[in-house]
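**Student:** my questions are about this predicted structure, shown below with the sequence.
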Amino acid sequence: MELRIPSPEQLRTVYDRDLKEAFPAAELKPLGNMERMWAEGWYRPWCLFDGDNIVGEAFLWLGHPGWALLDYLCVSAHSRNGGLGSVILQKLREREADTVIFGESEAPADAPDPEMAERRLGFYARNGLRMAGYDTEMFGVHYKTLYLAAGEVDEAELMRQHRFVYENTFAADKFHKYVRIPYDPDAAPGAKVPWQQ
């Protein structure tokens with residue numbers, strides 16, 4: 001199996017086949033946004049190929065050089081429960097060895113399915129991701145922050161880079177309204193709205 005960048009046509013196929021099936025519509029970027037960000041150099045859609053077939057994806061939302069947000073991690077429905085999520089993360093670590101990859105996973109305390117949220121965090125921990133010392137809130141959803149790095153990471157810098165990814169993409173009013181890095185547990189929860197709103 002090989003992790004490589006798909007063709008534009010393959011990206012459209014896995015978006016329709018895998019991402020639409022695996023992620024709620026409110027959490028899924030429109031395909032056009034991904035294609036535009038990819039063309040502008042802010043997005044890297046890695047796909048796991050088994051021969052000619054794509055069996056999973058790990059899409060990176062790029063920030064400053066050496067920093068990237070793991071935007072989506074997905075295994076095709078017909079290939080799940082075979083350890084491919086771990087394979088994708090291992091190969092991603094090899095392909096992006098000089099990059100600190102950070103991500104968000106729903107906080108179990110506020111998740112609609114707390115048990116699934118706990119299992120997801122356990123999966124990331126088993127695959128070498130560490131829990132950051134701050135949470136986030138995106139579009140009204142509370143997330144734990146995780147990161148994958150070869151060495152130690154300064155958490156103040158991690159938070160700064162995390163904020164940059166969103167600040168670099170969203171208009172200032174949208175960023176201030178819908179993105180909270182760090183999450184404030186004492187603040188009233190933000191409105192839950194679709195990503196593309």
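**Tutor:** Here it is on my side, so go on.
**Student:** A58: how many residues sit nearby?
**Tutor:** 25 (other C-beta atoms under 10 Å). To be clear about C-beta, it is placed using only N, CA and C from the backbone, and glycine gets the same treatment.
**Student:** show me what the host helix or strand of it is packed up against.
**Tutor:** Using DSSP states H and E, A58 sits in strand 53-62. Judged by 3 or more C-beta pairs under 8 Å, 6 or more residues apart in numbering; DSSP states H and E, strand 53-62 is in contact with helix 8-14, strand 43-50, strand 67-75, helix 84-95.
**Student:** could the ones you listed go into JSON lines alongside mean pLDDT?
**Tutor:** Converted to JSON lines, the helices and strands packed on strand 53-62 look like this (pLDDT from 0 to 100):
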{"stretch": "helix 8-14", "mean pLDDT": "97"}
{"stretch": "strand 43-50", "mean pLDDT": "98"}
{"stretch": "strand 67-75", "mean pLDDT": "97"}
{"stretch": "helix 84-95", "mean pLDDT": "97"}
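**Student:** deepest-packed of these, please.
**Tutor:** Here the criterion is mean neighbour count by mean count of other C-beta atoms under 10 Å, and of the helices and strands packed on strand 53-62 the winner is strand 67-75, at a mean of 22.
**Student:** which residues of this structure score low on pLDDT?
**Tutor:** Within the chain, the segments meeting pLDDT under 70 span 195-197.
**Student:** which stretches in it count as strands?
**Tutor:** Taking DSSP state E as the criterion, the chain contains strands spanning 2-4, 43-50, 53-62, 67-75, 100-106, 130-138, 141-148, 179-180.
**Student:** adding distance to K91, write those strands out as CSV.
**Tutor:** Below are the strands of the chain laid out as CSV (distance: least, C-beta to C-beta, whole Å):
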stretch, distance to K91
strand 2-4, 4
strand 43-50, 7
strand 53-62, 8
strand 67-75, 12
strand 100-106, 12
strand 130-138, 19
strand 141-148, 12
strand 179-180, 30
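**Student:** spatially central residue in this protein, please.
**Tutor:** With distances taken as C-alpha atoms, centre = their mean, D71 lies nearest the centre of the chain, 2.3 Å away.
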